[in-house]
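# 3D, please:
(chains A, B, C and D)
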Number of protein chains: 2
Amino acid sequence: MAVTTLPEGSLPKNYRLIYDIVQTSGLGRHLTMSDVFARAAEQRPGIGYSTVYRGLVRLRQLGMISEIVVPGADSATYEPVGPNHAHVRCVACGSIEDVGYTLPSRVLKSVADETGFAIDSGDVTFAGRCASCRAE
Amino acid sequence: MAVTTLPEGSLPKNYRLIYDIVQTSGLGRHLTMSDVFARAAEQRPGIGYSTVYRGLVRLRQLGMISEIVVPGADSATYEPVGPNHAHVRCVACGSIEDVGYTLPSRVLKSVADETGFAIDSGDVTFAGRCASCRAE
DNA sequence: CGTGAGAATGAAAGTCATATTCACTGACGT
DNA sequence: ACGTCAGTGAATATGACTTTCATTCTCACG
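Residues are numbered from 1 along each chain as shown, chains lettered A, B, ... in the order given. Predicted structure coming up:
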């Protein structure tokens, strides 16, 4: 994770585009790589999938965006960096929403004690059915 | 997911084999599909990968084994059903261990209230470095 | 202005776990 | 023996992710 500290202002053009796409998606939106690619292609026809891919990887390494991997989902999603939170996934339609929950730090501590691991983070994902899927 | 309630005693031969492999792996062991296949092939040379795959899917549908998907891991793992618990993954060596932590039910409740989802479950995964990886 | 080194790019192909297809086998009730 | 259908193995398909490679672009330096 040796961040090379590329200043935000000097991002390559396409990285900037990708960054903006993720940022303007808004907190709580979860764009897959294909989503980001589709939006990028609207604004820069001809942009390659690999460029978007590399942009997302790079921006994630720089800590400028977050990659969310939800068990059960078929692909990773990307969102702006924001306050720590959990995700809830609808097992019916696959939609993902944010939920404002953070593991208490004492839990991280006790897990570290119990396992001997140096704990960096804890991810929480809930599974259930969203309101609209429960409707029908 | 319409469980056909296949009684454990009448499992097809190979499903039984797969079930036993996962069971005897012991709680806290995390076998990938390839691991299970390798062990199955020891005992039944010629068994097909697809058979193991279907067995794991079926047994999971029947609720007889648990599938664990850990963000960052490259493949799912399987373990015996047991008391609810969380997992911790070493970002260095990729090993996965169990840890006895369960989300308080009031958390599930409050998430349900906040999101409008009917929450079935909550998965917790910690990321860190295991003791041996921290050693060197 | 050149111009040269290194970064960025797009197309294509590679990787890998997961999932499905299909023809064949085997078990079981009749 | 027969018919049926679940189970099986080989092969193939799928889909996300990742890398390779030849080309293009950038830009500091002359």
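
# Check whether the helix or strand that contains residue A:120 comes into contact with chain B.
Following DSSP states H and E, the helix or strand that holds residue A:120 is strand A:118-129. Yes: using C-beta under 8 Å from any C-beta of the partner chain, strand A:118-129 comes into contact with chain B via A:118-129. All C-beta atoms are positioned from the backbone trio N, CA, C, and that covers glycine.

# Stretch A:29-45 now?
No: applying C-beta under 8 Å from any C-beta, one finds stretch A:29-45 out of contact with chain B, separated by at least 13.9 Å.

# May I see the buried residues of that stretch?
Of the residues in stretch A:29-45, those with enough neighbours to count as buried (16 or more other C-beta atoms under 10 Å in any protein chain shown) are A:29-31, A:33, A:35-37, A:39-40.

# In strands only, show me these.
Here DSSP state E is the test, and those give residue A:31 as lying in strands.

# of all the buried residues of stretch A:29-45, which comes closest to residue B:111?
Lowest distance from residue B:111 to the buried residues of stretch A:29-45 (C-beta to C-beta) belongs to residue A:30, with 16.7 Å.

# I figured that closest one hits residue A:69, correct?
No: counting by C-beta atoms under 8 Å, residue A:30 sits too far from residue A:69 to count as a contact (10.9 Å).

# Chain B contacts on chain A?
So far as C-beta under 8 Å from any C-beta goes, chain A lies against chain B at A:69-72, A:86, A:88, A:90-91, A:97, A:99-101, A:103, A:107-108, A:110-112, A:114-131, A:134.

# same thing but at 7 Å, please
If contact is defined as C-beta under 7 Å from any C-beta of the partner chain, the residues of chain A in contact with chain B are A:69, A:71-72, A:88, A:90, A:97, A:99-101, A:107, A:111, A:114-131, A:134.

# quick one: is the helix or strand hosting residue A:42 near DNA strand D?
Using DSSP H and E, residue A:42 maps to helix A:33-43. Yes: contact of helix A:33-43 with DNA strand D (C-beta under 7 Å from any atom of the strand) involves A:33-34.

# helices or strands up against that helix?
Taking 3 or more C-beta pairs under 7 Å, 6 or more residues apart in numbering or on different chains; DSSP states H and E as the contact definition, the neighbouring helices and strands of helix A:33-43 are helix A:13-25, helix A:49-61.

# now stretch A:35-46: mean pLDDT?
Taken as a whole, stretch A:35-46 has a mean pLDDT of 96.

# ok now that stretch, how far from the chain's centre?
Relative to the centre of its chain, stretch A:35-46 is centred 18 Å away, using C-alpha atoms, centre = their mean, to the nearest Å.

# Was I right to think residue A:60 contacts residue A:68?
No: shown here, residue A:60 and residue A:68 do not form a contact pair, counting by C-beta atoms under 7 Å, at 10.5 Å.

# of the two, who's got more company?
Counted by other C-beta atoms under 10 Å in any protein chain shown, residue A:60 and residue A:68 do not tie: residue A:68 has more neighbours, with 19 against 16.

# Quick check: phi and psi on that one?
Here is the backbone geometry of residue A:68 (degrees, to the nearest 10): phi -110, psi 120.

# quick one on the thing from earlier: wondering if the helix holding residue A:42 reaches DNA strand C at all.
No: residues of helix A:33-43 are not located near DNA strand C by C-beta under 7 Å from any atom of the strand, the shortest gap being 8.5 Å.

# hang on, the earlier thing: could you single out the nearest of the buried residues of stretch A:29-45 to residue B:81?
Checking these against residue B:81 with C-beta to C-beta, the nearest one is residue A:30 at 30.1 Å.

# The nearest residue to the closest one once chain neighbours are set aside: how many residues sit nearby?
Setting aside the residues directly before and after it, residue A:30 is nearest to residue A:77 in space (C-beta to C-beta, 6 or more residues apart in numbering or on different chains), at 3.7 Å. Here the count is done by other C-beta under 10 Å, and residue A:77 has 21 residues near it.

# contacting residues around the closest residue to residue A:94 other than its chain neighbours?
Counting by C-beta to C-beta, 6+ apart, residue A:94 lies nearest to residue A:73, which is 6.5 Å off, once chain neighbours are set aside. Under the criterion of C-beta atoms under 7 Å, 6 or more residues apart in numbering or on different chains, the contact partners of residue A:73 comprise A:89, A:94, A:96.

# Sweet, I'm off.
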